[in-house]
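Novice: next comes the sequence, and after it the predicted model I'd like to discuss.
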2 protein chains.
Amino acid sequence: MNRVEIRICGLGGQGVVLAGQILGRAGAYDGKNVVQTQSYGAEARGSAAKSEVIISDEPIGFPHVRKCDILVAMSQSALDTHLTDLKEDGILLVDRDLVKQIPKVKAAVHKLPATEAAERQLRSKMYANMVMLGALVKETKIVSKEAMEKAIVHTTKSDSTQPNLQALNIGLAL
Amino acid sequence: MNRVEIRICGLGGQGVVLAGQILGRAGAYDGKNVVQTQSYGAEARGSAAKSEVIISDEPIGFPHVRKCDILVAMSQSALDTHLTDLKEDGILLVDRDLVKQIPKVKAAVHKLPATEAAERQLRSKMYANMVMLGALVKETKIVSKEAMEKAIVHTTKSDSTQPNLQALNIGLAL
């Protein structure tokens, strides 16, 4: 695909912004053009959070996500808010531990036990975002695994780099 | 001011994206709503880089920078490209070591020796971005010094946190 528009949404504190930054950086490492946008409010923890990434082979003229090709939802309220912006032939990834009700859609739906896997294997649900990214990479191949690993190393604090890399691999194996 | 739109532009490798991320984060710490956008190309180093931040007391309905209130230019080509988007009553900050030709504008112009100060006091021009942010905070007070420091601590890698904090203070004193 020439231009892919991705929206990652959830609650503050879930690492939605970090996930978008890492995904965007990986796109650049793969030689693509990237626009990455993040919105956050005064009360970051627990309020709505959103991160958008456009990855394109060509220079990006209109740098805003309209209808998205891929929607990653990490809370029920985020899904309820953003599902309308997903293309009919798009791809929806939800954390099935956090999103219970998914309306009938034509898009391809992937329900992933990201929080459960992060808690079980890394003893912290804070890595659920990277598990979701791993699953996203596996399903869509929009960026390479190598670029994702490099982006994690360059973006995360040193004490969280290893668990984030593990979380990516858990997601790739889901 | 209720809504302030800031664009930071320069070349890849100058830390334009990091500067926008830190500024946006500081805005959130100050209790504001923030939208932060970054564009980068395949060849990050040496190519054009741009980072945009909107900081607002109110929820941000239209999340894109149109005419900006504040323009920070860290290369001549970046200034030449983006000056047209600065409001007439806006504020322009340029790194005077990198931007030599400034057209006549009505905006308030601040020429700062950011690269020179970073090289002289921190032995690396890579901190010029944070010197510019320090000067920006001093001139515009769009975010607090405390929020900037917290954002630097939470965003930068541990080995660069101290010099970035120093660079901020150098900029605040320029």
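Specialist: Received the coordinates, thanks. Everything numeric here is computed off the predicted structure, so don't read it as measured data.
Novice: the helix or strand that contains residue A:49 packs against which elements?
Specialist: Residue A:49 belongs to strand A:48-56 when elements are defined using DSSP states H and E. On a contact count with 3 or more CB pairs under 8 Å, 6 or more residues apart in numbering or on different chains; DSSP states H and E, strand A:48-56 meets strand A:3-11, helix A:16-29, strand A:33-40, helix A:76-82. Where C-beta positions appear, they are placed from N, C-alpha and C, glycine not excepted.
Novice: export these to JSON lines and tack on distance to chain B?
Specialist: As requested, the helices and strands packed on strand A:48-56 are exported to JSON lines (distance: least, CB to the nearest CB, whole Å):
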{"stretch": "strand A:3-11", "distance to chain B": "13"}
{"stretch": "helix A:16-29", "distance to chain B": "5"}
{"stretch": "strand A:33-40", "distance to chain B": "4"}
{"stretch": "helix A:76-82", "distance to chain B": "13"}
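Novice: out of the ones you listed, which is closest to residue A:148?
Specialist: Set against residue A:148 and scored by CB to CB, those come closest in helix A:16-29, at 4.6 Å.
Novice: the inter-axis angle of the closest one versus strand A:3-11?
Specialist: Per axes from the mean of the first three to the mean of the last three CA atoms, to 10 degrees, the angle that helix A:16-29 makes with strand A:3-11 is 160 degrees.
Novice: centre of the chain versus helix A:16-29, how much separation?
Specialist: When distances are taken as CA atoms, centre = their mean, to the nearest Å, helix A:16-29 is centred 9 Å away from the chain's centroid.
Novice: over to stretch A:50-61?
Specialist: Computed by CA atoms, centre = their mean, the chain-centroid distance of stretch A:50-61 equals 14 Å.
Novice: contact partners of that stretch?
Specialist: The contact list for stretch A:50-61, computed with CB atoms under 8 Å, 6 or more residues apart in numbering or on different chains, reads A:2-9, A:16-17, A:19-21, A:23-24, A:27, A:32-39, A:63-65, A:68, A:78, A:82, A:142-143, B:39, B:41.
Novice: mind doing that once more with 6 Å?
Specialist: Applying CB atoms under 6 Å, 6 or more residues apart in numbering or on different chains, the contact partners of stretch A:50-61 are A:2-9, A:16-17, A:20, A:23-24, A:27, A:32-39, A:65, A:142.
Novice: again with stretch A:11-28
Specialist: The set of residues external to stretch A:11-28 that reach it, using CB under 6 Å, 6+ apart, is A:8, A:10, A:34, A:36, A:38, A:44-47, A:49, A:51, A:53, A:55, A:74-75, A:129, A:133, A:143, A:147-148, A:151-152, A:155, B:40, B:44.
Novice: now swap in stretch A:141-158 and tell me
Specialist: Outside stretch A:141-158, the residues that touch it by CB under 6 Å, 6+ apart are A:4, A:21-22, A:25-27, A:29-30, A:55, A:137, A:161, A:164-165, A:168.
Novice: need those residues in TSV (columns: distance to residue A:113).
Specialist: Shown next, in TSV, are the contacts of stretch A:141-158 (distance: CB to CB, whole Å):
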residue	distance to residue A:113
A:4	25
A:21	24
A:22	21
A:25	26
A:26	23
A:27	26
A:29	28
A:30	28
A:55	26
A:137	17
A:161	23
A:164	18
A:165	19
A:168	16
